[in-house]
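Only the shape, not the letters, is given here:
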């Protein structure tokens with residue numbers, strides 16, 4: 001049996017633009033936005049040698065194409081939050097409030 005767990009609670013999947021706009025409303029600040037054309041991302045990913053092209057390719061896949069969330073669930077698919085209907089999960093809006101009031105400790109990451 002080969003199953004895939006899909007977890008995307010209703011109302012909790014938002015695009016990058018919605019997330020930035022929500023953060024701007026909560027903080028009262030306007031963030032400087034730099035727009036990058038999709039064709040430019042594709043060109044860079046095609047011209048950079050491997051593995052240098054990996055980062056831009058992954059960013060394109062996630063933030064431009066939205067392949068992680070841009071699909072419909074099939075007839076036999078089950079979204080994981082349906083298994084625990086009474087569980088109150090944290091909405092993006094609530095999490096951003098938490099980040100403003102009591103931010104989580106910063107951890108170092110690299111990409």
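That came through, no problem. The model shown is predicted, which means the values in this text are computed figures rather than measured ones.

dump the residue contacts of residue 33.
Shown here is residue 33, whose contacts under the criterion CB atoms under 8 Å, 6 or more residues apart in numbering are residue 20. Yep, even glycine has a C-beta here, placed from its N, CA and C like the rest.

One more: the one 5 residues further on?
By CB under 8 Å, 6+ apart, residue 38 lies in contact with 60, 64.

what's the distance between residue 43 and residue 65?
Relative to residue 65, residue 43 is positioned 15 Å away (CB to CB, to the nearest Å).

And for residue 57?
With distances defined as CB to CB, the gap from residue 57 to residue 65 amounts to 10 Å.

what about those two, which has more around it?
Under the criterion of other CB atoms under 10 Å, the comparison of residue 57 against residue 65 puts residue 57 first, with 17 against 11.

mind checking how far the more buried one is from residue 73?
Here the distance between residue 57 and residue 73 works out to 26 Å (CB to CB).

what does residue 45 give?
For residue 45, the distance to residue 73 equals 29 Å [CB to CB].

Those two: which has the busier surroundings?
More neighbours surround residue 45 than the other of residue 45 and residue 73, with 18 against 10 (other CB under 10 Å).
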